[in-house]
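Chemist: Next come a sequence and a model predicted from it.
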Amino acid sequence: MQQPDLDSRDEVHSLVVAFYREVAFDDLLGPVFSDVAHVNWSVHIPKLTDYWCRVLLGQPGYDGSLLVPHAQLNAVSAFRPALFDRWYELLVAEVDDGWHGPLAERAKLHAARMAAILARRLLDVDWPGSEAAGGRVTSLLPGDRSG
């Protein structure tokens, strides 16, 4: 059976749930989400779904900033490049495991851009995986002035 692309809200939601299930139970990332961010998944999953639907499908719904909440968390418990590496590794594995097509590829590229931008803005470092982002990137969303 051919894998679907991330071409509907249901597919994007499925990715977000599957990916963040892995994140929540990951030895490296899990504590950041549970002990530092104290994430309420029932609130966070819909926001993440809205974000990825905007990125991949152009759907309205997400109008927040990625930089501000990550900067607040970084101030509480400093991020390090290994966190970006693991987050990206898990996302790519989850996408590759369940989806195939141009939007799945766009999701992986956008994730690399996110990691590269957040590493640059929060840590003032070039994220080692930034070559996956396809060169210098400066924004997280079309029209986003936070990147």
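Modeler: Cool, got the structure.
Chemist: quick one: the helices in the chain?
Modeler: Assigned by DSSP state H, the chain shows helices spanning 9-25, 30-31, 41-57, 67-76, 81-98, 102-118.
Chemist: Would you point to the one among those helices that's packed deepest?
Modeler: Of the helices of the chain, the one with the most neighbours on average (mean count of other C-beta atoms under 10 Å) is helix 102-118, at a mean of 20. In short, each C-beta sits where N, CA and C put it, glycine included.
Chemist: Helix 67-76 and that one, what's the angle between them?
Modeler: Relative orientation of helix 102-118 versus helix 67-76 (axes from the mean of the first three to the mean of the last three C-alpha atoms, to 10 degrees): 50 degrees.
Chemist: For helix 102-118, name the packing helices and strands.
Modeler: Other helices and strands packing on helix 102-118, by 3 or more C-beta pairs under 8 Å, 6 or more residues apart in numbering; DSSP states H and E, are helix 41-57, helix 81-98.
Chemist: packing partners for the first one?
Modeler: So the one you mean is helix 41-57. helix 9-25, helix 102-118.
Chemist: Put together a markdown table for those helices, with mean pLDDT on each row.
Modeler: Listed next are these as a markdown table, based on pLDDT from 0 to 100:
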| stretch | mean pLDDT |
| --- | --- |
| helix 9-25 | 98 |
| helix 102-118 | 95 |
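Chemist: closest to residue 88 out of these?
Modeler: helix 102-118 (5.0 Å; C-beta to C-beta).
Chemist: Many thanks, we can stop here.
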